[in-house]
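1. Here's my sequence, what's the structure:
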Amino acid sequence: MKSLSIEGLPSESATAEKKKVKTRISNNLNTIRHEIKEVISQSTKSDTKRACFITSIAKTLSQKGKIEITMKFLQRLALLRTWLKDLPAGTDEDAFWKFADEKLQKYAERYASKPGDYKRMLEGILKHDVQTYPRQDKEDDIESVIVPTDRIPQNQKVAMKLARGGVVTANEL
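-> Prediction:
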């Protein structure tokens with residue numbers, strides 16, 4: 001393209017660096033998604049050593065990704081666990097995440113004008129999860145692991161907002 005004298009194109013070395021960064025980020029995200037699926041998958045096993053309360057999953061994942069545990073985080077974990085539990089054994093990684101992404105998109109469309117209904121649906125899923133996988137003696141209860149909103153770092157709030165498709169203002173950065 002440079003030989004065609006098109007202005008404003010990045011150099012070939014800049015393009016190569018961009019590809020390396022994109023590949024590295026993509027690989028890291030795939031690793032994280034795999035770990036999330038693996039931790040949640042193991043928690044659905046019927047034997048008592050692996051079946052665990054939602055806070056145990058949240059603590060394991062938060063340590064891997066330095067994530068602050070919020071009620072919304074627990075609700076989304078419960079949602080993923082519900083979907084994982086219902087998938088046929090041996091469903092591969094890509095198929096699960098494609099399924100999850102499609103379901104989330106349908107929820108976004110269905111509840112776009114009804115955020116209260118969406119909130120109640122997620123609360124119901126968490127309640128069902130807590131009944132299905134009750135807390136064991138050594139596991140923390142929900143209230144003891146939740147981080148209050150005012151203690152969530154600003155960069156995580158911005159990332160959560162962007163993940164929901166929100167727009168971030170200069171004041172929020």
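
2. so how many other residues sit close to the nearest residue to residue 93 once chain neighbours are set aside?
-> Of all residues not flanking residue 93 in the chain, residue 34 sits nearest, at 6.0 Å (C-beta to C-beta, 6 or more residues apart in numbering). From N, CA and C alone the C-beta is placed, and that goes for glycine too. Using other C-beta atoms under 10 Å, residue 34 has 13 neighbouring residues.

3. Over to residue 31?
-> 11.

4. now swap in residue 93 and tell me
-> Residues within reach of residue 93, counting by other C-beta under 10 Å, total 12.

5. Over to residue 87?
-> Neighbours of residue 87 (other C-beta under 10 Å): 14.

6. do you know how far it is from residue 44?
-> Distance, residue 87 to residue 44, by C-beta to C-beta, to the nearest Å: 10 Å.

7. for residue 111, same thing?
-> Residue 111 is 25 Å from residue 44, by C-beta to C-beta.

8. buried stuff in the helix or strand encompassing residue 108?
-> Assessed by DSSP states H and E, residue 108 sits inside helix 93-110. For helix 93-110, burial by neighbour count (16 or more other C-beta atoms under 10 Å) applies to 96, 100.
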